[in-house]
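> Below is the structure, and that's it, no one-letter string:
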């Protein structure tokens, strides 16, 4: 019901498609293939290669894979910039290896098309153009700078210049064609997905407005007679009180306000108005709204601000948009905590000059250690019958779809999510020390949601300025 500036349906959302784990696995396959080709060429085809330099090229790829695997979680989704840099690394590594093994005379040079095609299918046009230009530059350099292939007997294995130039032209043509083809097909698929999502949102909004229209129509029907009675009595009083100016004005005011109530009811409904005052709210109010559906589910939910139990509205809180993405994402996190908590759920809110942080923790068993790196992926696992029997909630399939939806929605608002257990809780501010329940420390699963305040916080002029008349729904 709100005009959101978050731009859920823009092309930049595609930059989050690539998972780091996917590129790591593909790079391991490439390393295995490159190593196998070098062994076959030297041991069986008796080709003389610079094994020291080839081993260096392979070693760089192996080291890169090991380092990123150790630093980043397995389900990390790459931003456009990071994905582009990763693909450029693969492109340069392949170009260096090809330059050591005959340049464009090496038939495996066509593997250099892979990063271009991946970029065209998963990244934006800007990233694809950059990678494509680097690709063309590298194969152009390979026309001149390379180590020719020779056998152990000294025989030179070299294509004629005409075929080398033909290979260059073939690579450029194939790269441009396949990149354009893959990018176009992906854009069409992505556009259709956007259209379907937008249709679902529009349908849901229409259903809400239709329900509101029915409520307003019923209210108008029920209030029609009382308002008409008030209007009639006010008119009769005004006629009787013409000699008493002050009372006469009061009677006229009653009639005017009755007319205003009638106009408000008439103006609401399908062409009703959006309440501008509800676009932003203090962060604690947004968290309370997200947690409200789970307050009566038998678990104690405590909302703390800077470690203290919230008993009244804390002044000078960050004002944030009441976007459905934020509320629904936080609600899913609270639901997951309530589902697996033993008795209590803590929601901690704190902020500094740069960041706004929310921690959602519980006193349950926590996340399985082997799945922490995969949390946020849909359909993480399907539990066995034995696992269901040992669980506190045997009917729960544990597919991870709720956390995936929460993570996706919150990340689209600029949030960064981290998952941990108990003492491994992320964040710069330590949790409250053990003690009474309202000051205790979560011992189970903990989720940290962090926004940069510049990305999420509404400006004072937006919140406190003159909002004007509430606009009608489009």
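Looks like it came in fine. Note that this is a predicted model, so its numbers are computed, not measured.
> Kindly confirm my reading that residue 449 is in a strand.
Yes: counting by DSSP: H, G, I helix; E, B strand; the rest coil, residue 449 is part of a strand.
> and it, bridged to which residues?
Beta-bridge pairing of residue 449 under DSSP bridges involves residue 358, residue 417.
> Correct me if wrong: it contacts residue 357.
Yes: counting by CB atoms under 8 Å, residue 449 touches residue 357, with 7.1 Å between them. The C-beta positions use only the backbone N, C-alpha and C, and glycine is treated the same way.
> So these two - more neighbours on which side?
Using other CB atoms under 10 Å as the criterion, residue 449 and residue 357 rank with residue 449 on top: 23 against 20.
> OK, contacts around the nearest residue to residue 94 once chain neighbours are set aside?
Leaving aside its sequence neighbours, residue 94 sits nearest to residue 112 (CB to CB, 6 or more residues apart in numbering; 5.0 Å). Taking CB atoms under 8 Å, 6 or more residues apart in numbering, we find residue 112 in contact with 91, 94, 95, 98, 135, 138, 139, 171.
> Return the backbone torsion pair for residue 242.
phi -60, psi -30 (degrees, to the nearest 10).
> Give me the pLDDT for the residue sitting furthest away from the middle of the chain.
Taking CA atoms, centre = their mean, the residue of the chain most remote from its mean C-alpha position is residue 243, at 69.0 Å. For residue 243, the pLDDT comes out at 81.
> Can you check my assumption that it lies in a helix?
No: per three-state DSSP, residue 243 lies outside any helix segment and is coil.
> if I look at it, how far off is residue 138?
Note on residue 243: its distance to residue 138, by CB to CB, to the nearest Å, is 98 Å.
> Next: residue 67.
Per CB to CB, residue 67 is found 24 Å from residue 138.
> Next: residue 334.
51 Å.
> do residue 176 as well
In terms of CB to CB, residue 176 sits 15 Å off from residue 138.
> Same question for residue 226.
From residue 226 to residue 138 the distance is 80 Å (CB to CB).
> okay, the two: which has more neighbours?
residue 138 (19 against 11).
> what about that one, which helix or strand?
Using DSSP states H and E, the element containing residue 138 is helix 125-142.
> Run through who's touching that helix.
Identification of contacts with helix 125-142 by CB under 8 Å, 6+ apart yields 11, 15, 80, 83-84, 87-88, 91-92, 95, 98-99, 103-104, 109, 112-113, 115-116, 119-120, 123, 168, 171-172, 175-176, 179, 183.
> Would you mind writing the PyMOL command to select the buried ones in those?
This is the PyMOL syntax for the buried subset of the contacts of helix 125-142, where burial follows 16 or more other CB atoms under 10 Å:
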select buried, resi 15+80+83+84+87+88+91+92+95+98+99+103+104+109+112+113+115+116+119+120+123+168+171+175+179+183
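> Sitting in strands, which of the contacts of helix 125-142 do you find?
Among the contacts of helix 125-142, no member falls in strands (criterion: DSSP state E).
> Summarise which helices and strands the strand or helix carrying residue 40 is packed against.
Taking DSSP H and E as the criterion, residue 40 maps to helix 20-43. Judged by 3 or more CB pairs under 8 Å, 6 or more residues apart in numbering; DSSP states H and E, the packing partners of helix 20-43 are helix 51-71, helix 80-100.
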